[in-house]
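Undergrad: need a structure here:
(chains A, B and C)
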Amino acid sequence: MSLPLVEVTDLKVYFPIRSGLVVERHVGDVKAVDGVSLTIFKGETLGLVGESGCGKTTVGRTILRLYEPTSGRIVIDGKDITDLPERELRPLRDKMQMVFQDPYSSLNPRQNVGSIVAEPLLIHGMERKEVDAKVRHLIEVVGLPHDAANRYPHEFSGGQRQRIGLARSLALNPALIVADEPVSALDVSIQAQMINLLEDLQDEFDLTYLFVAHDLAVVRHISDRIAVMYLGKIMEIAPSQELYTAPSHPYTKALLSAVPIPDPKVERSRERIILKGDLPSPVNPPPGCRFHTRCPYVQETRCRTEVPELRAMKQGQVVACHFAEEIADGKITPRSEMVGLAP
Amino acid sequence: MSLAQAEAHELELEQPAGLWKDAVQRLKRNPGAIIGALLISMFVFLALFADVITSYGPGEQVGSLGGNGSPPSSEFWFGLDKQGRDYFSRVVYGARLSLLVGVVSVSVGLSIGLVLGSIAGYFGRWVDGLLMRIIDIMLAIPSFLLAIGLVTLLGRGLVQVMIAVGATQVPLFARLLRGGILAQKESDYVLAARSLGAPGPRLLLRHIIPNSLSPVIVQATLSMATAIIEVAALSFVGLGPSQPGLPEWGLMLADSASRLEQGLHLVLFPGIAIVLSTLGFNMVGDGLREALDPKLKS
Amino acid sequence: MSEPLLSVTDLEVRFKSRRGTIHAVNGISFDLRAGETLGIVGESGCGKSVTSLAMLGILPRQAYPADGSVMFGGRDLLRLKDQEMREVRGKDIAMIFQDPMTSLNPILTIGRQLTESLRRHLKMDKETAREEAVSLLDRVGISDAGDRLRSYPHQFSGGMRQRVMIAMAISCRPKILIADEPTTALDVTIQAQILELLKRLVSEEQMALILITHDLGVVAGVCDRTNVMYAGGFVETGATESLFATPRHPYTAGLLDSVPRLDASGKQRLVPIPGTVKTLMEKPTSCAFAPRCMYAVDESRREVPPLREIAPGHHVACFNPVPESDLPQGAITEAR
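TA: Next up is the predicted model:
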């Protein structure tokens, strides 16, 4: 593997819950991200999956310092940006960009496409003359029609709007792009166009992606490695192939088995782990392993009391489960009352 | 209902032609807004060409003094008032004054409100808490009472009255803009601009405020009507602009209210003028509200 | 084969809009038999939701069924009076929607909302209705049902709310349940729970299910038969297994090629369907998919292809169906 571009160490992001009229009291925290460590290597795509509320979006946005980290360290390309004030951060922002989920809300409806794509260039001080040429080039690169610059976002379809957002993100020749659910608002036939475009751009511009999404099939397709999050913590990180063929964490197993596969033969013969219950609240996460309340493999010892650390399993695979080896060897089997096995 | 929304989305029923163009189109199809706009245009026309339209000045004495004036005639369409002045001229010149009052006081309210609202919405936390509590206090006092208090404090010149009426509208505008800013501040495109490194003022002026303005524009239109009424009401209770003989509709009403049975025309014409002008602004305001907020249209 | 429970013939639905009439559904026909699960798949705007709303007579104001019939129990649902339709709705045919939050009244307790339809449709007294409500919640997998009756919708998670919606839908033992994107708003693990629940209920209650979704995976796991919809018409219908194994309409095949599969071996490039769907401002006179289709022939641009049976029970609306030799099995190459 090549050099690390992003190194996140023990990142915590808590959102305070406040109440009070003029003077607000701090009454609690939403522990959106609670001790996440991960590394993204230059040129790779790291997928970050998890269900809603697991903190994956917060991780992405905090790496770009759009949210303030509560504690921990974020190093990008060797530079610690954790505590940099916005003023010093601004010149570094050209290195790291974001693509948003919702192509309808991530573009200012009152700016035309040319002005949207030009904005980063103007902010970072490019000459007006050069800007126009660059904007034209970017519009072409992402496959938008030539006359797009003078039109407004609402004149475009969802897929095309997503391309506008992409053009804006590419404007500053970033090294890192955090793509937060970039295809989940799009129709299936359009999703594929976008995924292919992201792959092409990665080759062309030597990009590194943090691909945040809930759709495991999409994440598996595009990612080199995948990190699985649950309730603010990372449960497992593994190369995509290994994650699919040999998931180590019980949550990863359950997640994989819940993803529908568009093939009735496969669907009807699959063994499915169906988790009981809902996600606990991130304000008051369960003690010990966060997944123990829904884990089919939960044990009497350790799981409920001791927080599992991320530890290396096989090559390139890390997992946060006390009993990963025993589960892999089949010494611990799922409790039947915690799962519905289908069919 | 969400169902209908989902369907509308699913079919992309309305492909808009352009944000403002689209709003104008919707406005044009709204008969209420058209009538309102016609009413306003009529008053603007009267105000602009008052000296051309009327044959006499608003203070010019053309008939005999005293009594209850004379009723409408072919020479004096709206009759004469008790000072023997042409009532038609006075009502027409009144339009000039009322529109001025409306525009100036709304501008006062709007500009202070916008500044306070932007500060509260953008900085949030304790700044927001403090400003909003002050505004709550202002809102707790009936706005007319507040205007009376301010006039008493500032004096009774035309400018002072306009400022007083404008001040009562500050809380409304401040709250509206703050709400809009709070909603837009968290939106993805603002986050996107931040991730590009856009500095604070650029975020606020280029992204947040332009997208929070539509309810403010609607309110400004509606507030024109309120301002006209409020100034008229201040005049009516004797706290209006103190220059004697000013052709102000509220003052004209106040002067003749006690003599309703003798000179109906003295009450009728300024009354109708107030009703029609405020109606005009209200109808345009409602039309704008629908035009600028596509979600409301079905 | 037995008599169909529900029979839709040549259904057309149009929307009035400022820019003219939108032809949302253009003459679709299908039968639904008792206890059967039918999937209707398609992308947004294909008219799949409109179809179900038209069947239940709950189209938005600006839409109307222009032609066709929906026969159920010897009556044409499109021609029933509002009063009669209300009787059918909920009692014989029930529906659940994508967003369970907006389908529940936020200011009434779950118990109140559940017992209301029991008391109205089944004329139960208060106590019986309560007991029935408890047993319904129990059946949809909500524990402590007795206590839960006093809760308000906002105290429930999305998955729980969808369970409540399902409990309400099955409360009058309908013969048909229509589920419109029932799991789209939910997380995968919760989606798996809800789909299991639906499958179980359908077999326990002998209900027929119409599952409307954009997710091919969901259909593959749940439905006996699948109808693929594009631009207001069915392009391919058949038993789910044969339709997925041998998709003959270029759109179906293209859709299957364009979604990344979790179980794909190795990293292959996806094959997107080029172009985008156009809104139909007039009744189509040619194959609506032709502009995006590499198999389109002259005929496709002149005429609307009718649904033709190409294998037992497998129908395709195409003049030049994908030859079987072209069918990929997971292996998708760039050449195609």
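Undergrad: for the rest of this, base every contact and every neighbour count on C-alpha atoms.
TA: OK.
Undergrad: give me the pLDDT value at residue 52.
TA: Picking chain A for this. If you check residue A:52, the pLDDT there is 85.
Undergrad: um, chain C though
TA: Confidence score, pLDDT, at residue C:52: 90.
Undergrad: skipping adjacent residues, who's closest to it in space?
TA: residue C:178 (7.3 Å; C-alpha to C-alpha, 6 or more residues apart in numbering or on different chains).
Undergrad: A helix includes that neighbour, no?
TA: No. Residue C:178: not assigned to a helix; according to DSSP: H, G, I helix; E, B strand; the rest coil it is strand.
Undergrad: near chain C, which residues of the stretch 51-200 of chain A?
TA: Taking C-alpha under 8 Å from any C-alpha of the partner chain as the contact definition, the stretch 51-200 of chain A meets chain C at A:51, A:52, A:187, A:188, A:189, A:190, A:191, A:192, A:193, A:195, A:196.
Undergrad: residue boundaries of the helices in the stretch 1-150 of chain A?
TA: A:56-63, A:86-89, A:113-123, A:128-141 (DSSP state H, counting those that start in this stretch).
Undergrad: would JSON lines of those with mean pLDDT and mean neighbour count be doable?
TA: Converted to JSON lines, the helices of the stretch 1-150 of chain A look like this (pLDDT from 0 to 100; neighbours: other C-alpha atoms under 10 Å in any protein chain shown):
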{"stretch": "helix A:56-63", "mean pLDDT": "94", "mean neighbour count": "24"}
{"stretch": "helix A:86-89", "mean pLDDT": "89", "mean neighbour count": "14"}
{"stretch": "helix A:113-123", "mean pLDDT": "91", "mean neighbour count": "22"}
{"stretch": "helix A:128-141", "mean pLDDT": "91", "mean neighbour count": "16"}
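Undergrad: out of these, which is closest to residue A:211?
TA: Across these, residue A:211 has its closest neighbour in helix A:56-63 (8.7 Å, C-alpha to C-alpha).
Undergrad: show me what the closest one is packed up against.
TA: For helix A:56-63, the elements it packs on are strand A:4-19, strand A:25-41, strand A:176-180, strand A:208-213, judged by 3 or more C-alpha pairs under 8 Å, 6 or more residues apart in numbering or on different chains; DSSP states H and E.
Undergrad: pick out the residue of the stretch 201-343 of chain A closest to chain B.
TA: residue A:210 (15.1 Å; C-alpha to the nearest C-alpha).
Undergrad: beta partners of that residue?
TA: Counting by DSSP bridges, residue A:210 is bridged to residue A:46, residue A:178.
Undergrad: ends of stretch C:42-49, how far apart?
TA: One end of stretch C:42-49 to the other measures 10 Å (C-alpha to C-alpha, to the nearest Å).
Undergrad: centroid-nearest residue for chain B?
TA: Nearest to the geometric centre of chain B sits residue B:224, at 0.9 Å (C-alpha atoms, centre = their mean).
Undergrad: can you check chain A too?
TA: Geometric middle of chain A (C-alpha atoms, centre = their mean) lands on residue A:212, at 2.1 Å.
Undergrad: wait, what's in contact with that residue?
TA: A:47, A:48, A:49, A:56, A:57, A:60, A:178, A:179, A:180, A:181, A:219 (C-alpha atoms under 8 Å, 6 or more residues apart in numbering or on different chains).
Undergrad: these, buried ones only, as a PyMOL selection?
TA: Buried members of the contacts of residue A:212 can be picked out in PyMOL with the line below, counting by 16 or more other C-alpha atoms under 10 Å in any protein chain shown:
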select buried, chain A and resi 47+48+49+56+57+60+178+179+180+181+219
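Undergrad: just to check, residue A:59 is in contact with residue A:31?
TA: No. Residue A:59 lies out of contact with residue A:31 (C-alpha atoms under 8 Å); the separation is 11.8 Å.
Undergrad: before we move on, back to that, mind putting the helices of the stretch 1-150 of chain A into JSON lines with distance to residue B:105?
TA: Below are these laid out as JSON lines (distance: least, C-alpha to C-alpha, whole Å):
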{"stretch": "helix A:56-63", "distance to residue B:105": "44"}
{"stretch": "helix A:86-89", "distance to residue B:105": "40"}
{"stretch": "helix A:113-123", "distance to residue B:105": "36"}
{"stretch": "helix A:128-141", "distance to residue B:105": "41"}
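Undergrad: circling back: make TSV out of the helices and strands packed on helix A:56-63 and add mean pLDDT.
TA: Output for those, formatted as TSV (pLDDT from 0 to 100):
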stretch	mean pLDDT
strand A:4-19	91
strand A:25-41	89
strand A:176-180	94
strand A:208-213	95
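Undergrad: and the strands in chain C?
TA: Counting by DSSP state E, chain C has strands at residues C:6-17, C:20-32, C:37-41, C:63-72, C:75-76, C:93-96, C:176-180, C:208-213, C:225-230, C:233-239, C:308-311, C:314-316.
Undergrad: now mean neighbour count too, for these, in TSV please.
TA: Shown next, in TSV, are the strands of chain C (neighbours: other C-alpha atoms under 10 Å in any protein chain shown):
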stretch	mean neighbour count
strand C:6-17	20
strand C:20-32	20
strand C:37-41	26
strand C:63-72	19
strand C:75-76	14
strand C:93-96	23
strand C:176-180	24
strand C:208-213	25
strand C:225-230	25
strand C:233-239	25
strand C:308-311	13
strand C:314-316	24
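Undergrad: could the ones you listed go into a markdown table alongside mean pLDDT?
TA: Formatted as a markdown table, these follow (pLDDT from 0 to 100):
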| stretch | mean pLDDT |
| --- | --- |
| strand C:6-17 | 91 |
| strand C:20-32 | 90 |
| strand C:37-41 | 95 |
| strand C:63-72 | 90 |
| strand C:75-76 | 91 |
| strand C:93-96 | 90 |
| strand C:176-180 | 93 |
| strand C:208-213 | 95 |
| strand C:225-230 | 95 |
| strand C:233-239 | 94 |
| strand C:308-311 | 92 |
| strand C:314-316 | 94 |
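Undergrad: right, and these - which one's nearest residue B:202?
TA: Across the strands of chain C, closest to residue B:202 is strand C:6-17 (C-alpha to C-alpha), at 38.7 Å.
Undergrad: rewinding a little: quick one: closest of the helices of the stretch 1-150 of chain A to residue B:131.
TA: Comparing the helices of the stretch 1-150 of chain A by C-alpha to C-alpha, helix A:86-89 comes nearest, at 26.2 Å.
Undergrad: which residues sit against the closest one?
TA: A:81, B:197.
Undergrad: stretch B:216-224 too?
TA: Applying C-alpha under 8 Å, 6+ apart, the set of residues contacting stretch B:216-224 is B:102-103, B:106, B:110, B:169, B:173, B:176-177, B:278, B:281-282, B:284-286, B:288-289.
Undergrad: list the residues that contact residue C:149.
TA: C:109, C:110, C:111, C:112, C:133, C:134.
Undergrad: pLDDT weak spots in chain C?
TA: Within chain C, the segments meeting pLDDT under 70 span C:1-2, C:100-101, C:266, C:327-336.
Undergrad: tell me which residue is most central in it.
TA: residue C:212 (1.8 Å).
Undergrad: quick one: it and residue C:51 touch, right?
TA: No. Assessed by C-alpha under 8 Å, residue C:212 is found out of contact with residue C:51, at 9.7 Å.
Undergrad: re earlier: TSV for the helices and strands packed on helix A:56-63, including distance to residue C:219?
TA: Output for the helices and strands packed on helix A:56-63, formatted as TSV (distance: least, C-alpha to C-alpha, whole Å):
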stretch	distance to residue C:219
strand A:4-19	39
strand A:25-41	34
strand A:176-180	27
strand A:208-213	22
